[in-house]
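*Asks:* Test case, fold it:
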Amino acid sequence: MTTTAQPPATQEAPAAQIFPVQIHFDDLDALGMVHNARYALFVERAITAYWVDRGWSYTADRTEYDDTFLAVREFRIEYLAPILGAGDAAVHIWIEHLGRTSIVYGFHVLSADRQVVHASGRRAQVKLDPATLRPSPLSDELRAAAAPLMDARSIRSTA
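*Replies:* Prediction:
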């Protein structure tokens, strides 16, 4: 099953929202396809790259935001077309919802030429207060840094 995404040139997602992925031999399963668990890893790396480019750090004393204590609440992936063998791919991310205490990302794992959508899904996370482990409001600084992802949803699956 092959799902294609062929957006008009004017609707191409900004390059800052599409992250390259290198697929290595150890990413493959016994059938020579990318192992299902690796898709989540590719998405995590793309989201991390976005935030690192904006000053995010997983070392609290180096980050410019106080929103570093986040927990994943949901991670859903629909596998649409297998990626066969090692090579290149891409991950397109956007924010579907930015709530008071949570962020919901949408994503596509794409072929390197962005013509095939291999997987699609969503990832939700909640900011927690480190002392109470209860939801805590996201900062205005994080909201401003997230703005480019709010309008980056243009590549869509036709499935």
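*Asks:* Figure out how far the helix or strand where K127 lies is from the centre of its chain.
*Replies:* Using DSSP states H and E, K127 sits within strand 117-127. Chain-centre distance of strand 117-127: 6 Å, with CA atoms, centre = their mean, to the nearest Å.
*Asks:* mean confidence for it?
*Replies:* Averaged over strand 117-127, pLDDT sits at 97.
*Asks:* For the helix or strand that it is followed by, list the C-alpha coordinates in PDB.
*Replies:* Going down the chain from strand 117-127, the next helix or strand is helix 140-150, by DSSP H and E. Output in PDB follows, covering the C-alpha atoms of helix 140-150 (Å, rounded to 0.1, in the frame of the first residue of the first chain):
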ATOM      1  CA  ASP A 140       4.700  32.400  27.000                       C
ATOM      2  CA  GLU A 141       8.300  31.900  25.700                       C
ATOM      3  CA  LEU A 142       7.500  28.300  24.700                       C
ATOM      4  CA  ARG A 143       4.300  29.400  23.000                       C
ATOM      5  CA  ALA A 144       6.200  32.000  21.000                       C
ATOM      6  CA  ALA A 145       8.800  29.500  20.000                       C
ATOM      7  CA  ALA A 146       6.100  27.000  19.000                       C
ATOM      8  CA  ALA A 147       4.400  29.400  16.600                       C
ATOM      9  CA  PRO A 148       6.200  28.200  13.400                       C
ATOM     10  CA  LEU A 149       4.800  24.700  14.000                       C
ATOM     11  CA  MET A 150       1.200  26.000  14.300                       C
END
